[in-house]
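In: 3D, please:
(2 chains)
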Amino acid sequence: MSTTATPQTSAPAQPNSLRTGPDARGRFGTFGGRFVAETLMPLVQDLEAAYDAAQADPMFHVKLSYYFRDYVGRPSPLWFAERLTETLGGAKVYLKREELNHTGSHKLNNVMGQILLAQRMGKTRIVAETGAGQHGVATATVCALFGMKCVIYMGATDVERQKPNVFRMHLLGAEVKPVTAGAGTLKDAMNEAMRDWVANVSDTYFLVGTVAGPHPYPRMVRDFQSVIGEETRTQMMEAEGRLPDYIVAAIGGGSNAMGIFHPFLDEPEVKLIGVEAAGLGLDSGKTAASISRGRSGVLHGNRTYLLQDENGQIEEAHSISAGLDYPGIGPEHSWLNDIGRAEYVGVTDSEALEAFQLLTRTEGIIPALECAHGLAHVMKLAPTLDKDKIIVLNVSGRGDKDIFTVAKHLGVDL
Amino acid sequence: MSRIKTRFDALKAEGRGALIPYLQAFDPDLETSLELLKAMPAAGADLIEIGVPFSDPSADGLTIQAAALRGLKAGATLTRVLEMVKRFREGDDATPIVLMGYLNPIDSYGPARFCADAAAAGVDGLIVVDLPPEEADLLEDDARANGLDIVRLVAPNTSDARLRQILPEASGFIYYVSITGITGTRTATEDELAAAMPRIRAVSDLPVAVGFGIRTPSQAAVASRTGDAAVVASALITTLAATLDDGRATDQTVPRVLGQLRELAEAVRG
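Out: Alright, predicted model coming up:
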């Protein structure tokens, strides 16, 4: 059994680095850990050992780089959004174009890493949970590519509101299992995927879609997504000869944000802002803002900020974006919030809708509703800053999947 | 001596294993579940496991999840579940009570306060499904200080090395999750059970309760003979659920569940 988790970062471990977490118990400060049923303990321990071995194997990295470049389409561009910048009238806004990845979101970075790991571990069947369907589509895609059996759990509510992605998953050969328990959203899909994993321990790999879940998932998913921040750093130096002043990213579970934040954690001059979905408003009771309106608790294998009632029962999250309505958040974000290294703000459904339209009209880029939340904060922030300041927004996914939701809110019948 | 140890010692002297029925608190309401709880010892329960309803019971099957949601709807909270145990203790000071549930409600209540209040209410042991030994320091000291056993879970895929690591610290009894999977699904075969027990007994002298997938009297008899106790949960809840009318208890609810419990107890007592 491996109890020593070597810190896995692309930079060498430094004693004062914020990038060396989690610790040997899988914790970031008081967050993270491994709160799973005994049946799952041997599995997460095996996974940790397999991941450590893969990280130490140069061939694994060569293989991953090959798939990143030739299949995912990396590096993704860093685009100076000139018209958007002019419109907002303040700081320069750059967009990290993760929506240009194959399958249309940052999700493919993580699933590519994990499918290679599953293959190394000799697993033949993949289960995954999905909210908006981006992670489900990405998972179904790599399962098609590597010839693995694929089962996707998706809340029945989400199956209904994300039909195009459900159809894509079917085309890719995945089995989509609608989950009716609870509110039929991402949290319930996560429960079902865990149940499947615990019942099929010998051949099944649980491909978690965000920086949450039991250790080592938060670390592993972050590492695979850190390619976003590493590229951003290089591209920013090429474009401006310096690091950005702000990095803004939307947060559901928080994988795109963690991916772009992580390589900058040790650069105090770069301010990191995570944007949570405030839903109908932070104090409306219909929100997905787990940091702003939640408190520390344990769900889905980790300790983190959770939306919960006074008795410790988990509450349903609400957001116009199916990808953000999760009552928890990755544990590393909870820690970054508590130590003050990153700031977390809320953006409402209607602000996100407005931002969605603005980016489409000014830059010809239709963003996912998730990243429209990030943009809505940029719209507030940029005008308050001098013209020599630089903001990078992570455009984590494209909005094709959301046009039906947006049309409905704009009163258009498609 | 703890009620759990006293009870297992007595059964050992009697030469039989224990029957441990499971009851979801407040399913479908407080009155019904308290009535069931009070009647269970006379119907053959040797120990009783009380499920604490949680919104996201990810290691349980649909049957127990539905029961938990009924319990929550009926107003179950950790405070009220402890009240329920207290009322049971007014009439029964011998039958061990083990609470089974998930960590978050306990975490929310505060582990130290919870252990003190649970012990005061008459709880004897805790089974926290998502609290593996690696994280148990959160609860262990407070539990020990209040005389509560933290029951350790063992699964078929728990390695011998891991058994040696996690069992020496165990107390009360050991809960053997007899299948890899969720509650109320597959049933382990007699051969599977017979193969598993020596692995556990090589490391621990504690009694072993076998749970997950035990539905029939004969399965309960096998489990209580091969191990030291049989836990029956989903099968009893299925019976209970079938008696409900629009989610509410009927005059059939308590008698049917107790009837099934008696059949299970007869089989366990041989």
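
In: Point me to the residue of the stretch 51-200 of chain A nearest chain B.
Out: Chain B sits closest to A:Ala199 of the stretch 51-200 of chain A, with a gap of 3.7 Å, by CB to the nearest CB. C-beta here means a position set from N, CA and C on the backbone, and glycine is covered the same way.

In: these two touch, right, that residue and B:Gly184?
Out: No. The pair A:Ala199 / B:Gly184 is not scored as a contact, 11.4 Å apart, by CB atoms under 8 Å.

In: quick one: which of these two has more around it?
Out: Legend: neighbour count by other CB atoms under 10 Å in any protein chain shown for A:Ala199 and B:Gly184, higher for B:Gly184 (21 against 17).

In: What residues does the stretch 101-250 of chain B have near chain A?
Out: Residues of the stretch 101-250 of chain B found near chain A (CB under 8 Å from any CB of the partner chain) are B:102-109, B:129-132, B:134-135, B:152-159, B:161-162, B:165, B:177, B:180-182, B:185.

In: Next one: the residue of the stretch 51-200 of chain A closest to chain B from B:Gly61, what distance?
Out: Per CB to CB, to the nearest Å, A:Ala199 is found 9 Å from B:Gly61.

In: what residues are shared contacts of the two?
Out: Residues touching both A:Ala199 and B:Gly61 (CB atoms under 8 Å, 6 or more residues apart in numbering or on different chains): B:182, B:185.

In: Grab the nearest non-local neighbour of the residue nearest the centre of chain A.
Out: In chain A, the residue lying closest to the centroid (CA atoms, centre = their mean) is A:Ser255, at 2.5 Å. Using CB to CB, 6 or more residues apart in numbering or on different chains and skipping the chain neighbours, the partner closest in space to A:Ser255 is A:Thr210 (4.3 Å).

In: neighbours around A:Asp46, how many?
Out: By other CB under 10 Å, the residues close to A:Asp46 number 15.

In: Quick one, grab the pLDDT at B:Ala195.
Out: pLDDT recorded at B:Ala195 is 89.

In: how near is it to B:Arg186?
Out: According to CB to CB, B:Ala195 stands 16 Å off from B:Arg186.

In: and the stretch 1-150 of chain A, which residues reach chain B?
Out: Contacts of the stretch 1-150 of chain A with chain B, taken as CB under 8 Å from any CB, map to A:1, A:25, A:33-39, A:41-43.

In: again, only using 10 Å
Out: Residues of the stretch 1-150 of chain A lying near chain B by CB under 10 Å from any CB of the partner chain: A:1, A:3, A:25-27, A:33-46.

In: A:Lys271 touches A:Leu265, doesn't it?
Out: No. Contact criterion CB atoms under 10 Å: A:Lys271 and A:Leu265 do not qualify, at 11.8 Å.

In: Show me whatever sits in contact with both of those two.
Out: The contact sets of A:Lys271 and A:Leu265 overlap at A:341-342 (CB atoms under 10 Å, 6 or more residues apart in numbering or on different chains).

In: Of the two, which one has the most company?
Out: Legend: neighbour count by other CB under 10 Å for A:Lys271 and A:Leu265, higher for A:Leu265 (22 against 18).

In: What sits closest to that one if chain neighbours are left out?
Out: A:Leu18 (4.0 Å).

In: got the contact list for that neighbour?
Out: Contact analysis of A:Leu18 by CB under 10 Å, 6+ apart lists A:9, A:28, A:261-262, A:264-268, A:332, A:335-336, A:339, A:341-342.

In: related to what we said a few turns ago, contact partners for the residue nearest to the centre of chain A?
Out: Per CB under 10 Å, 6+ apart, neighbours of A:Ser255: A:106-107, A:109-110, A:135, A:208-212, A:218, A:221-222, A:224-225, A:228, A:249, A:330, A:333, A:396.

In: Burial check on B:Gly44, number of neighbours?
Out: Other residues within reach of B:Gly44, judged by other CB under 10 Å, total 18.

In: Setting the sequence-adjacent residues aside, check what's closest to it.
Out: Leaving aside its sequence neighbours, B:Gly44 sits nearest to B:Ala265 (CB to CB, 6+ apart; 2.3 Å).

In: Quick check: B:Tyr175 vs A:Thr124, distance?
Out: Separation of B:Tyr175 from A:Thr124 (CB to CB): 31 Å.

In: A:Tyr67 reaches A:Ile115, doesn't it?
Out: Yes. Using CB under 10 Å, A:Tyr67 is in contact with A:Ile115, at 8.9 Å.

In: Remind me which helix or strand A:Pro268 belongs to.
Out: For A:Pro268, there is no helix or strand it lies in under DSSP states H and E.

In: what does the stretch 251-400 of chain A have sitting close to chain B?
Out: A:295-301, A:303, A:306, A:308-316, A:327.

In: redo that, cut-off 7 Å
Out: A:297-299, A:308, A:311-314 (CB under 7 Å from any CB of the partner chain).

In: can you map out the helices along the stretch 151-300 of chain A?
Out: Applying DSSP state H, counting those that start in this stretch to the stretch 151-300 of chain A gives helices spanning A:156-161, A:163-171, A:186-199, A:217-225, A:227-240, A:255-261, A:290-293.

In: out of those helices, deepest packed?
Out: A comparison of these by mean neighbour count, using mean count of other CB atoms under 10 Å in any protein chain shown, puts helix A:255-261 on top with a mean of 31.

In: Report how many residues lie close to the residue lying closest to A:Leu43 once chain neighbours are set aside.
Out: Once flanking residues are discounted, A:Leu43 sits nearest to A:Val201: 5.9 Å by CB to CB, 6+ apart. When neighbours are counted by other CB under 10 Å, A:Val201 registers 18.

In: and the least confident helix or strand in chain A by mean pLDDT, how far from the chain's centre?
Out: Every helix and strand of chain A was ranked by mean pLDDT, DSSP states H and E. The lowest is helix A:156-161, at a mean of 87. Centroid separation for helix A:156-161 versus its chain: 20 Å, with CA atoms, centre = their mean, to the nearest Å.

In: near chain B at all, it?
Out: No. For helix A:156-161, no contact with chain B is found by CB under 7 Å from any CB; the gap never falls below 14.1 Å.

In: tell me the contacts of the residue of the stretch 1-150 of chain B found nearest chain A?
Out: For the stretch 1-150 of chain B and chain A, the shortest gap (CB to the nearest CB) falls at B:Ser108, measuring 2.9 Å. Shown in contact with B:Ser108 (CB atoms under 7 Å, 6 or more residues apart in numbering or on different chains): A:297, A:308, A:311-312.

In: quick check, nearest of the residues you listed to B:Leu23?
Out: A:Asn311 (19.4 Å; CB to CB).

In: how close does that closest one get to B:Gly101?
Out: According to CB to CB, A:Asn311 stands 12 Å off from B:Gly101.

In: measure stretch B:100-118 end to end?
Out: From its first residue to its last, stretch B:100-118 covers 12 Å (CA to CA, to the nearest Å).

In: the strands in the stretch 1-150 of chain B, which residues?
Out: Listed in chain order, the strands of the stretch 1-150 of chain B (DSSP state E, counting those that start in this stretch) span B:18-24, B:48-51, B:97-101, B:125-128, B:149-150.

In: check contacts around B:Gln260.
Out: Neighbours of B:Gln260 in contact, by CB under 7 Å, 6+ apart: B:236, B:239.

In: give me the element it is part of.
Out: B:Gln260 belongs to helix B:253-269, assigned by DSSP H and E.

In: Enumerate the positions of that helix that are buried.
Out: Residues B:253-254, B:256-258, B:260-261, B:264-265, B:267-268 are the ones in helix B:253-269 that count as buried (16 or more other CB atoms under 10 Å in any protein chain shown).

In: can you check stretch B:32-46 too?
Out: For stretch B:32-46, the buried set under the neighbour-count rule, 16+ other CB under 10 Å, comprises B:32-38, B:40-41, B:43-46.
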